[in-house]
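Chemist: Okay, predicted coordinates and the sequence, questions at the end:
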Amino acid sequence: MTRTADGPAGDAEHGGADGGPSPSRHRRPEPVFERAIRVALGQARTVLHVTAGPGGVPYEPRDRDVTVVDPTAEALPFADDSFDATSSAFSLPEWPEWPEWSDLERGLAEVRRVTRGPVVLLTRDPARIPDHWLATYAPEVLARDARRWPPLDHIADALGGEVTTTRVPIPFTCVDGFSEAYYARPERLLDAAARRADPAWAAVDEMTAARSVAALRTALEDGSWDARYGRLRVQPSYEGSLVLVVAQP
């Protein structure tokens, strides 16, 4: 059963027949990522899940007793150690004004306070985002994208306890369409709808985005993309910036 912090959540609130947000055509829960979260949660039955905000991909664990909250730095309306575990996926850029650090740290400290077991966060390592081939054609997009994500050491410091960070391979057929999902399918990024589904593209002006798309289109048409990166077309997975952070108390 999925609840909001104020009570049970039904289809009217979340828009999906199964109680989760209606997924977009380009951003859907990736089973590989769901499985990684589920394994990290272990035997936890009661789970606090922090969403990625309106329109976010629904990564609530379906096989647990889940309470859903929006990204927040405010005090959570729960007693200490209320939940066996907390989970979240792709949400940290939506936490209020995280570049101030104090807001992010307060929010994570609140999550730690109400969680007696693991805190499991699927997030991205900003230091690795510029390593993706898209930086060749859209450097401003990836630079802005990297600034959206808090460094891993800040996350670990705010959560405290024993923190492990594991890179999560992105499968060739990834259905959660952030930029690295298309590591082997560059033509997908010529689709304006696919780009709109990734907040990184919205962070740059239209002229910059158009210039980046034109550079990629040219590289695909003249064969230079395949000359440099064509090996990725047959690579079953890609280890990019996606990481699973697990903090034990």
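Modeler: Sure thing, it's come through.

Chemist: so Ser88 makes contact with Leu121?
Modeler: Yes - counting by CB atoms under 8 Å, Ser88 touches Leu121, with 5.3 Å between them. For the C-beta atoms, the positions are set from N, CA and C on the backbone; glycine is no exception.

Chemist: the strands in this protein, which residues?
Modeler: For the chain, the strands defined by DSSP state E cover 2-4, 7-8, 46-50, 65-69, 85-89, 119-124, 162-167, 170-171, 237-238, 242-248.

Chemist: tell me, what residue is most central in this structure?
Modeler: For the chain, the residue sitting closest to the mean C-alpha position, by CA atoms, centre = their mean, is Phe90 at 2.0 Å.

Chemist: circling back: burial-wise, tell me which of the strands of the chain comes out on top.
Modeler: Each of those was scored by mean neighbour count; the highest is strand 85-89, a mean of 27, by mean count of other CB atoms under 10 Å.

Chemist: returning to that earlier point: can you lay out the strands of the chain as CSV showing mean pLDDT and distance to Ala79?
Modeler: Converted to CSV, the strands of the chain look like this (pLDDT from 0 to 100; distance: least, CB to CB, whole Å):
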stretch, mean pLDDT, distance to Ala79
strand 2-4, 58, 16
strand 7-8, 39, 17
strand 46-50, 96, 12
strand 65-69, 95, 13
strand 85-89, 97, 14
strand 119-124, 98, 17
strand 162-167, 97, 23
strand 170-171, 98, 38
strand 237-238, 98, 41
strand 242-248, 98, 20
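
Chemist: Save the ones you listed as TSV, and put in distance to Glu206 too.
Modeler: Converted to TSV, those look like this (distance: least, CB to CB, whole Å):
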stretch	distance to Glu206
strand 2-4	36
strand 7-8	42
strand 46-50	32
strand 65-69	34
strand 85-89	29
strand 119-124	25
strand 162-167	33
strand 170-171	28
strand 237-238	29
strand 242-248	28
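
Chemist: if we compare those, which one ends up closest to Trp133?
Modeler: Across those, Trp133 has its closest neighbour in strand 237-238 (9.9 Å, CB to CB).

Chemist: so what strands line up beside that closest one?
Modeler: In the sheet, strand 237-238 lines up against strand 170-171 (antiparallel) (DSSP bridges).

Chemist: How about residues contacting the strand it pairs with?
Modeler: With CB atoms under 8 Å, 6 or more residues apart in numbering as the test, strand 170-171 has contacts from 30, 32, 180-181, 183, 236-240, 242.

Chemist: Just the closest of the residues you listed to Ala44, please.
Modeler: Val32 (20.1 Å).

Chemist: any idea how far the closest residue in space to the closest one that isn't next to it in sequence lies from Ala181?
Modeler: Distance criterion CB to CB, 6 or more residues apart in numbering; nearest residue to Val32, sequence neighbours excluded, is Pro171 at 5.1 Å. From Pro171 across to Ala181, the span is 9 Å (CB to CB, to the nearest Å).

Chemist: Need the residues touching each of those two.
Modeler: Common contact partners of Pro171 and Ala181 (CB under 8 Å, 6+ apart): Glu30.

Chemist: Out of the helices and strands in the chain, which is least certain?
Modeler: Within the chain, no helix or strand scores below helix 11-14, which has a mean of 33 by mean pLDDT, DSSP states H and E.

Chemist: from memory the residue nearest to the centre of the chain sits against Arg148, does it?
Modeler: No - between Phe90 and Arg148 there is no contact under CB under 8 Å: 10.4 Å.

Chemist: got the contact list for the residue nearest to the centre of the chain?
Modeler: By CB under 8 Å, 6+ apart, Phe90 lies in contact with 52, 56-57, 59, 122-124, 178.

Chemist: Thanks a lot, see you next time.
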